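Participant: the following comprises the amino acid sequence and a computationally predicted model.
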Amino acid sequence: MPGFTTHIGKIAVLNQDQVDTDRIIPARFLSRVSKAGYGELVFSDVRGGDFPLDQPEAAGASILVVGTNFGCGSSREHAVWAIQQAGFACVISRRDADSPGYSDIFRGNAANCGMLLIELNPTDHAKLVAAGSGSSVTVNLPDQTVLIGTEELKFEISEATKLALIAGLDLIGTTLQYDELIADYEATKLAFVPSAVA
């Protein structure tokens with residue numbers, strides 16, 4: 001998968017808290033046999049009317065700004081696939097003192113699928129929300145900054161996740177970096193064969 005370093009794009013603001021994975025991609029779509037085609041289904045049960053992503057200013061946005069504890073609920077990689085296939089390169093949430101920006105499972109799925117998740121403190125997050133959908137933002141992963149206008153907002157990310165995203169590595173790709181070492185180790189070990197039971 002492609003690596004992530006710097007991304008410039010418009011934001012779409014969905015400033016809602018506790019958005020669960022069933023709202024992102026309803027469970028009835030999980031039986032599809034293909035990994036493709038989820039982008040058009042993202043938030044399908046709540047689209048239309050005043051939904052923020054359906055407003056003209058959100059058209060063409062590639063950075064999704066959400067509230068706190070985004071991606072909670074049941075585990076499904078499909079939620080990450082749907083967001084990515086809808087054209088979003090990263091998601092920016094709000095981290096409160098008593099609530100994370102993302103659920104742990106959603107965070108792990110996003111990292112393994114190459115989607116950057118950013119958490120901002122409430123003050124910095126409010127600046128993005130105030131700027132509104134359609135505003136241009138620059139996300140710089142190596143520097144761990146989000147630039148909007150003249151405001152530079154800093155974010156934290158685990159070093160392992162950061163390096164994997166920059167290199168474009170999922171869990172399998174990360175493991176394959178050690179392919180020669182693994183092969184050397186296996187070549188020195190005898191296969192385990194359990195003794196016959198008398």
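Facilitator: Noted; the coordinates are in hand. Computed from a predicted structure; not experimentally measured.
Participant: which one's the longest strand in the chain?
Facilitator: strand 6-14 (DSSP state E).
Participant: can you list contacts of that one?
Facilitator: Outside of strand 6-14, the residues within contact range by Cβ atoms under 8 Å, 6 or more residues apart in numbering are 52-53, 58, 60-67, 88-90, 92, 116, 128-129, 131-142. Bear in mind the C-beta positions are built from the backbone N, C-alpha and C, glycine included.
Participant: partners of it in the sheet?
Facilitator: strand 63-66 (parallel), strand 136-140 (antiparallel) (DSSP bridges).
Participant: where in the protein is the helix or strand with the lowest mean pLDDT?
Facilitator: One helix or strand of the chain scores below all others by mean pLDDT, DSSP states H and E: helix 171-176, with a mean of 65.
Participant: quick one: V91 and L120, what's the gap?
Facilitator: 11 Å (Cβ to Cβ, to the nearest Å).
Participant: so between these two, which is more surrounded?
Facilitator: Shown here are V91 and L120; by other Cβ atoms under 10 Å, V91 has more neighbours (24 against 21).
Participant: contacts for the helix or strand containing the more buried one, please.
Facilitator: According to DSSP states H and E, V91 maps onto strand 90-94. Here strand 90-94 makes contact (Cβ under 8 Å, 6+ apart) with 4, 7, 11, 17, 63-70, 83, 101-102, 110, 115-122, 125, 128, 139, 146.
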